[in-house]
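Student: Prediction below, plus the sequence it came from.
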Amino acid sequence: MKSLCGRPFDICAGNTELPAGDVQQYRALYGSQGYVLPRWIPGGRDGDCIHRGRPAGTQDCPTCNGNVRVKLYACGKHGQCTLGKPMDGVVCCARCDDYQSTETTSATPIILRHDLSPGDVVVLTGALRALHDTYPGKFLTDVRTPCPAIWEHNPLVTPLGDGDANIVTVNYDLIHTSNQRPLHFLHAFCAGLAQAVGVDHLDPTTNTGEIHLSDDERRWTPQVQDLTGRPTRYWIVNAGRKSDFTAKLWPPESFQRVIDQTDVTWVQIGSTDEGHWHPDLSNVIDLRGKTDLRQLIRLVYHAEGVLTGVSLPMHLAAAVPRADFYQGFPRPCVVLAGGREPQAWNTYPGQSYLTTIGRLDCCKTGGCWKSRAVPLKDGQEQDHSLCEHPDHGFPRCLRMIAPQQVVRIIEECR
């Protein structure tokens, strides 16, 4: 049997402006000559497939002598696919038995809205994965959240107009029972998502969020290597906080002691936007204010490990895939948690979650969930949720975490 390629393949697959009758004539002609015909849906395959996501990269066309780059798409079924060009190692939509057009599917279009922090949105990606794993083909989903970069290349996201789908708000109300039940953040988001879309039950099908990188992003030279001029293994340090939740902060001098006592290349990150504070640290590659969110994701992708409080970087450390160099081991992450949030709520595989719950009366049996160590007198409601044991501007529970303990963990992870 012979294989079609180029323009004849596109025509026979329906990727053409020609009328359906002409496509049928071409198919009959090539079929009579012994060619393998692509699967054809009348009307063509220009519409989205329910499994195909956004463009994830490009690859040289095998029939164009390297003069044309074919667009590759993320695919919820096959990892990646092409719209209508057969290529080695890549599923072609026109020949795919799993192709289901969004124009003919009975899937319910839904737009998920969530308006809180980027770290929360990363966890929501894991709940969306659970929805599609548990109810395959039942929903077409788009999102309306802060930080759209978190969703780039996600095959579970289908662009939908506001008028084309129900918009539902996804919350995680089970957080209010996190001190009484062994709940993870993902469980709470799954329960909120199930309620929002009207299904009876939804459990996590993964134990992290889900961040996707394109092939091009994986191939790009790491940002740190651009600065050092050589391949460099490094750890990310997030030593700052937002002004709304200062009760999450470990003292800057403790971060500095860890940096000074470890044989590690440290890369400091953090936003310089209003409402964020990240202290000056020495002996670091300073990228504060120098990365957008997508660049931060790529920075985490290449990182050997992460040191952070309970914040976005800990969720990214679990959700972002790891560069092939590390041979599939989970990315180490040391999380300076103290007594604010229960360990079960935030723990991810491969992470060292340093909690002091049970060591002070304020967090005797669970997290205190307080917002600030001391009042900032800025009129925000967080000033009414204060740490019961502030210690020179920082929560005592976090001061109880010794830098030497952190140094020892990092040394064990290397």
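Tutor: Sure, I can see it.
Student: Measure how buried the residue nearest to Y326 when sequence neighbours are not counted is and give me the count.
Tutor: Spatially, and ignoring its direct neighbours in sequence, Y326 is nearest to E304 (7.5 Å; Cβ to Cβ, 6 or more residues apart in numbering). All C-beta atoms are positioned from the backbone trio N, CA, C, and that covers glycine. E304 has 20 neighbours, counted by other Cβ atoms under 10 Å.
Student: again, but for D22
Tutor: Applying other Cβ under 10 Å, we find 12 residues neighbouring D22.
Student: Need the pLDDT of it.
Tutor: Model confidence at D22, given as pLDDT, is 74.
Student: Please, which helix or strand holds it?
Tutor: Here D22 sits within helix 20-32, counting by DSSP states H and E.
Student: Now do that helix: which elements does it pack against?
Tutor: If you count contacts as 3 or more Cβ pairs under 8 Å, 6 or more residues apart in numbering; DSSP states H and E, helix 20-32 packs onto helix 6-13.
Student: C-alpha coordinates for the helix holding D22, CSV please?
Tutor: Coordinates of the C-alpha atoms in helix 20-32 are reproduced here as CSV (Å, rounded to 0.1, in the frame of the first residue of the first chain):
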residue,chain,number,x,y,z
ALA,A,20,-17.5,17.5,-0.5
GLY,A,21,-18.4,15.9,-3.8
ASP,A,22,-14.9,16.8,-5.3
VAL,A,23,-13.2,15.3,-2.2
GLN,A,24,-15.1,12.1,-2.7
GLN,A,25,-13.9,12.0,-6.4
TYR,A,26,-10.3,12.5,-5.3
ARG,A,27,-10.7,9.8,-2.7
ALA,A,28,-12.1,7.3,-5.2
LEU,A,29,-9.3,8.1,-7.7
TYR,A,30,-6.5,7.6,-5.2
GLY,A,31,-8.2,4.6,-3.6
SER,A,32,-8.4,2.9,-6.9
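Student: quick check, distance from it to the centre of its chain.
Tutor: In terms of Cα atoms, centre = their mean, to the nearest Å, the centre of helix 20-32 is found 44 Å from the chain centre.
Student: List the buried residues in it.
Tutor: 23, 26-27, 30 (16 or more other Cβ atoms under 10 Å).
Student: Turn those into TSV, columns for distance to R399.
Tutor: Output for those, formatted as TSV (distance: Cβ to Cβ, whole Å):
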residue	distance to R399
V23	72
Y26	75
R27	74
Y30	75
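Student: Can you tell me which of those comes closest to V123?
Tutor: V23 (45.7 Å; Cβ to Cβ).
Student: and V264, what pLDDT?
Tutor: Residue-level confidence at V264 comes out at 97, pLDDT.
Student: ok, the nearest residue in space to it that is not next to it in sequence - contacts?
Tutor: Using Cβ to Cβ, 6+ apart and skipping the chain neighbours, the partner closest in space to V264 is W235 (5.0 Å). Residues in contact with W235 (Cβ atoms under 8 Å, 6 or more residues apart in numbering) are 264-267, 303-307, 410.
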